[in-house]
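**Student:** coords please:
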Amino acid sequence: DYCEINVCSNGGTCVTGAGAPFICICPDGYTGDTCNDTEAGDVFSEYICKCQDGFDGVHCQN
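**Tutor:** Numbers count the residues shown, from 1 in each chain. Predicted structure coming up:
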C-alpha cells in the first residue's frame, strides 16, 4: 500500500484506488503526481506564509 509510507510531499494526502495505485490530493500551491511541483502563477517557492487564525491559502488571502 503506497499510502502507508505516504508518498505525497508538501502536506499532500495519499488516497488509494480510483483506477491508480495511489493519487495525491495536493494542498494549495502544489501540484504533480506527488505534490512536488509548485503551481504556476503567484506562488513562490522561496517562502511559506504562516497564517493568523481565521486565514488560509498560499498567501493567507482567504
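
**Student:** residues contacting residue 23?
**Tutor:** 14-15 (CB atoms under 8 Å, 6 or more residues apart in numbering). All C-beta atoms are positioned from the backbone trio N, CA, C, and that covers glycine.

**Student:** Also residue 22?
**Tutor:** Contacts of residue 22 (CB under 8 Å, 6+ apart): 2-3, 7, 14-16.

**Student:** Which pLDDT does the model give residue 52?
**Tutor:** Listed pLDDT for residue 52 reads 88.

**Student:** Could you check how far the closest residue to it other than its chain neighbours is from residue 47?
**Tutor:** Spatial nearest neighbour of residue 52, chain neighbours left out: residue 60 (7.1 Å); criterion: CB to CB, 6 or more residues apart in numbering. Going from residue 60 to residue 47 by CB to CB, to the nearest Å gives 12 Å.

**Student:** Give me the more crowded residue out of those two.
**Tutor:** residue 60 (12 against 7; other CB atoms under 10 Å).

**Student:** ok, back up a step: how about the contacts of residue 22 in CSV, adding pLDDT?
**Tutor:** As requested, the contacts of residue 22 are exported to CSV (pLDDT from 0 to 100):
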residue, pLDDT
2, 78
3, 88
7, 89
14, 93
15, 92
16, 88
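
**Student:** Show me those that map onto strands.
**Tutor:** Counted as lying in strands by DSSP state E, out of the contacts of residue 22, are 14-16.

**Student:** any idea which of those is closest to residue 38?
**Tutor:** Residue 38 has its nearest neighbour among the ones in strands among the contacts of residue 22 in residue 14, at 19.2 Å by CB to CB.

**Student:** that older thread, would you mind writing the PyMOL command to select the buried ones in the ones in strands among the contacts of residue 22?
**Tutor:** In PyMOL, a selection of the buried entries from those looks like this (16 or more other CB atoms under 10 Å):
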select buried, resi 14
